[in-house]
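Undergrad: I'd like to go over a predicted model; first the sequence, then the structure.
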Protein chains: 2
Amino acid sequence: MEIQGKSWQTIWLVNDTHVEVIDQTQLPHNFKIKKLIDVQDFFWAIKNMVVRGAPLIGVTGAYGLAFSIKSDASDANLNKNKILLESSRPTAVNLKWALDRVFKKIHNLNQEDRFFAALKEAQIIEKEDIKMCSEIGENGLEVLENIYKEKLKKETNCSLNILTHCNAGWLATVDWGTALAPIYKAVRHGIKLHVWVDETRPRNQGASLTAYELKSEGISHSVVVDNAGGFLMQNNMVDVVIVGSDRTTSTGDVCNKIGTYLKALAAKENNIPFYVALPISTIDWDLEDGVKTIPIEERSAEEVKYISGIDINGEVKKVQILPKGCNSYNPAFDVTPAKYVTGLITEKGICRPDKISLKSLYFG
Amino acid sequence: MEIQGKSWQTIWLVNDTHVEVIDQTQLPHNFKIKKLIDVQDFFWAIKNMVVRGAPLIGVTGAYGLAFSIKSDASDANLNKNKILLESSRPTAVNLKWALDRVFKKIHNLNQEDRFFAALKEAQIIEKEDIKMCSEIGENGLEVLENIYKEKLKKETNCSLNILTHCNAGWLATVDWGTALAPIYKAVRHGIKLHVWVDETRPRNQGASLTAYELKSEGISHSVVVDNAGGFLMQNNMVDVVIVGSDRTTSTGDVCNKIGTYLKALAAKENNIPFYVALPISTIDWDLEDGVKTIPIEERSAEEVKYISGIDINGEVKKVQILPKGCNSYNPAFDVTPAKYVTGLITEKGICRPDKISLKSLYFG
């Protein structure tokens, strides 16, 4: 996608010598590129959130494992570095999956072939991620086109108003993103649209990353506080909601960033379609009742207590927004039951959020 | 109410010489008292939000008009200062009401009697406000007691979990507050409770003022981001919601701080009682459909773009949280239709949110 008129991915390989990534710790206030050369660089890039988002972390890990054996492809070094990279974000399922995949591809090879084979596998994972997101985008484009066509029948020259929560954009993947991919495709398809960007407290991924992505692509948008979505929907200012998903049950319950559920309730109440864009890989086929079974991560209360921004001198500063001695509580996700979800947009197509539809999409 | 172990009002008269107020521009990070002596002091205190909240602004205006004629109680000076004070917050209905009330009481009196008569009227308005809030508290206490008794039947030694949005506390009134008054009364009545405090973006009145009030009173609380309420309700962590109201229609639709509607939807969905505490004076008897008829103030986009907090040196600093060049939109209120409201808690009693119940409460 574009930043300052130039096309970027979040990660790319440079001449078999190193990898470059957009330093996401600097966003949205500064755009900087970071070189990753040895395994320590990759380890810290994942650990310190220079790269973020499950798909991007996976690709970074895969490249990390490749470069970690460039000068020493022995079993001992390979095993040691795989464990090291896994430990950079122990809860990231996608990271472990990518490392395992590269490992399996190379551990039976001769040592001299391992580096290039690993590099090739990392590139394949990278390309697959781009393709998957692009397909989610194409499938979501259909949804948006249909809603836009209906709107145009009632109102000429109108914009399609889309609300999104958190950041399920290209910065969390290699390119395109998940929930934002249909929006990027729609703009390229000539659909006139406006995006309401939920701020997404407490980590403000909407206000910072989604807004940054949309601004950089020149797409019409307004950041709104998370409180505003109900008002917008009640007043016919939203035509469709699209969000991402961290984990989806086999019955279509969606676990996503805290606050998603409130928007789904308001959408249902106001007859506004509510779509979830997700890679099939985030479906947990073993789970049924999401509210009862998906454990919700409680993150540090400090995320509610402090906030960062740029001060009058353009420097990033952290300030405390809660009064001294006040307590806070910080659940990071919530579960939106399937009954509030209009449809799931995946790389394999769109389906209703129920077991039969999901299974027939996946298996048949 | 208490701050640092001492009992306070937001405003109080000192020996017929001046008035003192808590400087709310310094809260929650600093507690400071400000003296108001001449009319300019009162004008700026209202204009610069040293005092805030409709009831408190009214009382401040009333005292301001009294002190404005202390040394010159001529008609000319009285009229001039009334106009000046009205202009300090032109949209505050309660300010105009209080100024008119003092004016009517004194404008037919001899000049030498006017100052003390005005001062007396301001004191009466002050006392009436305290009494009204206290009565809202007593009536709301009944609601909380009943819910708590039911909970105790199922669970011994439990806490009553209350969620509130924005600040409808004593800092917006002279004492007690509206939505928080029942909580203060309940604690004094021995009810064990915990308050979930919605941060209330973008102006963070919950995270700053409500949290500050509760902490100062030693009441168990946790600030949560506005996104979290749905999760809390879905997981049986909220027993009752109480919020305030800026304006209520004759049919019980409630216009309150943006985000209230989302909480009402979640409460309804999860069978949690949703109460609104309000002075009868905020009912607009001419209005019926709140969503269609109540104009919603759009406030500056800057409120979404910037946030203030204290930096590492304890100084209040403003930082920019949106990327450069991104847009924002800032509607300040929303309307919660009566069907999501369990009951209205007023100084005259509790009633269902419908025309017949409201009229019989008020007129009968």
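TA: Nice, I can see it.
Undergrad: Stretch A:322-341 close to chain B?
TA: Yes. Residues of stretch A:322-341 contacting chain B under C-beta under 8 Å from any C-beta of the partner chain: A:322-331, A:333-335. Every C-beta, even on glycine, is put in place using the N, C-alpha and C of the backbone.
Undergrad: Need the max-distance pair from these.
TA: Spatial extent of the residues of stretch A:322-341 next to chain B (C-beta to C-beta) is set by the pair A:Lys324 and A:Val335 at 33.9 Å.
Undergrad: More neighbours: those two, which one.
TA: A:Val335 (26 against 12; other C-beta atoms under 10 Å in any protein chain shown).
Undergrad: A:Val276 in helix, strand or coil?
TA: Here A:Val276 is recorded as strand under DSSP: H, G, I helix; E, B strand; the rest coil.
Undergrad: Now do it, the pLDDT please.
TA: Predicted confidence (pLDDT) for A:Val276: 98.
Undergrad: Beta-bridge partners for it, please?
TA: A:Val243, A:Leu344 (DSSP bridges).
Undergrad: Which residues of the stretch 1-150 of chain A lie near chain B?
TA: Contact residues, the stretch 1-150 of chain A versus chain B (C-beta under 8 Å from any C-beta): A:Leu27, A:Pro28, A:His29.
Undergrad: Out of the residues you listed, which sit inside helices?
TA: Here DSSP state H is the test, and the residues of the stretch 1-150 of chain A next to chain B give no hits in helices at all.
Undergrad: so can I have a markdown table of these showing distance to A:Thr178 and pLDDT?
TA: Below are the residues of the stretch 1-150 of chain A next to chain B laid out as a markdown table (distance: C-beta to C-beta, whole Å; pLDDT from 0 to 100):
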| residue | distance to A:Thr178 | pLDDT |
| --- | --- | --- |
| A:Leu27 | 18 | 92 |
| A:Pro28 | 19 | 93 |
| A:His29 | 25 | 90 |
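Undergrad: which one among those residues gets closest to chain B?
TA: Using C-beta to the nearest C-beta, A:Pro28 comes nearest to chain B of these, at 3.5 Å.
Undergrad: For chain B, see how far away the residue of chain A positioned farthest from its centre is.
TA: The C-alpha centroid of chain A is most remote from A:Asn110, which lies 36.4 Å away (C-alpha atoms, centre = their mean). Per C-beta to the nearest C-beta, to the nearest Å, A:Asn110 is found 49 Å from chain B.
Undergrad: Can you tell me the SS state at A:Ile350?
TA: Assignment for A:Ile350 (three-state DSSP): strand.
Undergrad: Give me the helices and strands touching the worst-scoring helix or strand of chain A on mean pLDDT, please.
TA: When the helices and strands of chain A are scored by mean pLDDT, DSSP states H and E, strand A:283-284 comes last with a mean of 91. Counting contacts by 3 or more C-beta pairs under 8 Å, 6 or more residues apart in numbering or on different chains; DSSP states H and E, strand A:283-284 is packed against strand A:247-249.
Undergrad: next SSE after the strand it packs on?
TA: strand A:254-257 (DSSP states H and E).
Undergrad: Which residue, other than its chain neighbours, is closest to A:Trp196?
TA: Counting by C-beta to C-beta, 6 or more residues apart in numbering or on different chains, the nearest residue to A:Trp196 once its immediate chain neighbours are dropped is A:Leu163, at 4.2 Å.
Undergrad: Sort out which residues of the helix or strand where A:Ala76 lies are buried, please.
TA: According to DSSP H and E, A:Ala76 maps onto helix A:75-86. Going by neighbour count (16 or more other C-beta atoms under 10 Å in any protein chain shown), the buried part of helix A:75-86 is A:Asn77, A:Leu78, A:Asn81, A:Lys82, A:Leu84, A:Leu85, A:Glu86.
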